[in-house]
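K.L.:
just the structure for this:
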Amino acid sequence: MLKKIYSLLVIAILGLFGGQNQAYASGGDDPIEAVMHHIGDAHQFHIVGDVYLPLPCIAYSDAGFFFSLSSAFEYSHANHMSLKAIDGYVLYHDELMRIKGDFPAGVVELKTDGHVDAHSDQPMPGHSDAHGEKQVVDEHGVHTEGGHDRDEVHTMHQITHEGKTYELESASKLQAMTSWYDFSVTKNVFSMFLAFLLLVVIFSSVAKAYKKNQGKAPKGLQSLLEPIFVFMRDEVIEPAIGHKWEKFFPFLMSLFFFILFSNLLGLIPFFPGSANITGNLGVTLVLAAFTFLVTNISGNGHYWRHVFAMPGVPLPILILLTPIEVVGLFIKPITLLIRLFANITAGHIIILSLVSLIFIFSNGGENTGGALGGGAIAVPFVFAMNFLELFVAFLQAFIFTLLSSIYIGAAVEEHHHEEAH
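P.N.:
Okay, here's the model as predicted:
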């Protein structure tokens, strides 16, 4: 029985990570690029082999709203670039980008002016490389259009059409505002909607079961979820917050189950799983921001007095202590978002790195013996890591909820007799 399970796991890993095999075959020997591609976001969802589920691309600029499916761009997975531009938008390395300048409207076929030697990463002088980045070669070596050395990460994303070069512009972000905004349903967004839908369906069913079986022993999903609610209530939320725990219980349990379901979906290596939801800084930032807002909006006078004017502290010390307390208000959510992001992303990277051994040893699929040897090494470790990541999925949801409860508890705690004492 164990041999059958092991054989099926080998076949599953070799088959389900077909996208990674393509990455090695088409560009093809960089395990870092392949791993980062899999943990990143995308505008299409890999199903199996060459089959991808297109997702909606939605953008807004001064020209108005733009709507399209990612499949309309005819994305090339070999060079990570659109084969078409639509109304001045292209897909570049799974990112929707806008073409700056007076680029023609409508659907435009994109062509390359130069080529990259299959056995060398040196592009032809004066032409675009396979990734659409303008390169020039001088007596000092290969440089980017901006004159930076190739070893530095200073590249200007460009495409060339009918002899004219156009710069590609990313969507507006918190750290850099541009001329347009991206509202696309990416792989991570799709998976978040799926997690939300699963939560609604499951807890609606459990709520109906409670009403139907009131006073009776729980059954089915109700019996599975009730111990989790009871444990979180009695051992985490109520002790951390105190007598006001009921007010924050729905929020904290929503946090817990959303993080848990997102983590579990990320462990499924095939559609509709595999999205690295909580390994995305934007997602963990929003979750931490919710905790930050709930904590500080709920904070009482005692809480804010200890932040800005701690009782019993001399004024010279207070001048030093108050800025530290204010900074601490922001450090708490930052630690929340980094902890969740780093732990989930690290797990994905370790698993994918182990899977990469199969393709490294097989030389991109050319050496069957190497593939079997890599699989013999990788599969047991991947199997063990998946069990560990299953534990981490619960642990990180628990830690995020526990720390949120502690922060909220500190904000609503009452000290009636401290000053008198």
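
K.L.:
how about the helices in the stretch 301-421 of the chain?
P.N.:
301-308, 315-361, 368-412 (DSSP state H, counting those that start in this stretch).

K.L.:
ok, the stretch 51-200 of the chain next?
P.N.:
Going by DSSP H, counting those that start in this stretch, the stretch 51-200 of the chain shows helices at 187-212.

K.L.:
make TSV out of the helices of the stretch 301-421 of the chain and add distance to residue 83.
P.N.:
Every residue, glycine included, has its C-beta placed from N, CA and C. Output for these, formatted as TSV (distance: least, CB to CB, whole Å):
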stretch	distance to residue 83
helix 301-308	56
helix 315-361	26
helix 368-412	31
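
K.L.:
closest one to residue 98 among these?
P.N.:
helix 315-361 (27.5 Å; CB to CB).

K.L.:
what's the angle between the closest one and helix 301-308?
P.N.:
Here helix 315-361 points in a direction 90 degrees away from that of helix 301-308 (axes from the mean of the first three to the mean of the last three CA atoms, to 10 degrees).

K.L.:
flag every buried residue along the one helix or strand residue 262 maps to.
P.N.:
If you go by DSSP states H and E, residue 262 is part of helix 245-267. Of the residues in helix 245-267, 245, 248-249, 251-253, 255-267 count as buried by neighbour count, 16 or more other CB atoms under 10 Å.

K.L.:
for stretch 57-75, which positions count as buried?
P.N.:
57, 59, 61, 66, 68, 70, 73, 75.

K.L.:
alpha carbons only: can I get stretch 203-218 in CSV?
P.N.:
These are the backbone C-alpha positions of stretch 203-218, laid out as CSV (Å, rounded to 0.1, in the frame of the first residue of the first chain):
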residue,chain,number,x,y,z
PHE,A,203,-20.6,28.3,7.9
SER,A,204,-24.0,28.8,6.5
SER,A,205,-24.4,25.0,6.6
VAL,A,206,-23.1,24.9,10.2
ALA,A,207,-25.4,27.7,11.3
LYS,A,208,-28.4,25.8,9.8
ALA,A,209,-27.3,22.7,11.6
TYR,A,210,-27.2,24.5,15.0
LYS,A,211,-30.8,25.8,14.5
LYS,A,212,-32.0,22.4,13.3
ASN,A,213,-30.2,20.3,16.0
GLN,A,214,-30.6,22.7,18.9
GLY,A,215,-29.9,20.9,22.2
LYS,A,216,-28.5,17.8,20.4
ALA,A,217,-25.0,16.5,19.9
PRO,A,218,-23.2,18.2,16.9
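
K.L.:
centre of the chain to that stretch, how far?
P.N.:
35 Å (CA atoms, centre = their mean, to the nearest Å).

K.L.:
what's the mean pLDDT across that stretch?
P.N.:
The average pLDDT within stretch 203-218 is 84.

K.L.:
before we move on, the earlier item: closest one to residue 195 among the helices of the stretch 301-421 of the chain?
P.N.:
So among the helices of the stretch 301-421 of the chain, helix 368-412 is nearest, using CB to CB, at 11.8 Å.

K.L.:
and the closest one, average pLDDT?
P.N.:
Mean per-residue pLDDT for helix 368-412: 87.

K.L.:
what do you get for stretch 228-237?
P.N.:
Rounded mean pLDDT across stretch 228-237 is 93.

K.L.:
buried stuff in it?
P.N.:
232, 233, 236, 237.

K.L.:
I would like the residues contacting that stretch, please.
P.N.:
245, 248, 249, 252, 253, 256, 398, 401, 402, 405 (CB atoms under 8 Å, 6 or more residues apart in numbering).

K.L.:
contacts only, for the nearest residue to residue 180 once chain neighbours are set aside.
P.N.:
Among residues not flanking residue 180 along the chain, residue 61 sits closest, at 3.6 Å (CB to CB, 6 or more residues apart in numbering). For residue 61, the contacting residues are 98, 179, 180, 181, by CB under 8 Å, 6+ apart.

K.L.:
I appreciate the help and will end here.
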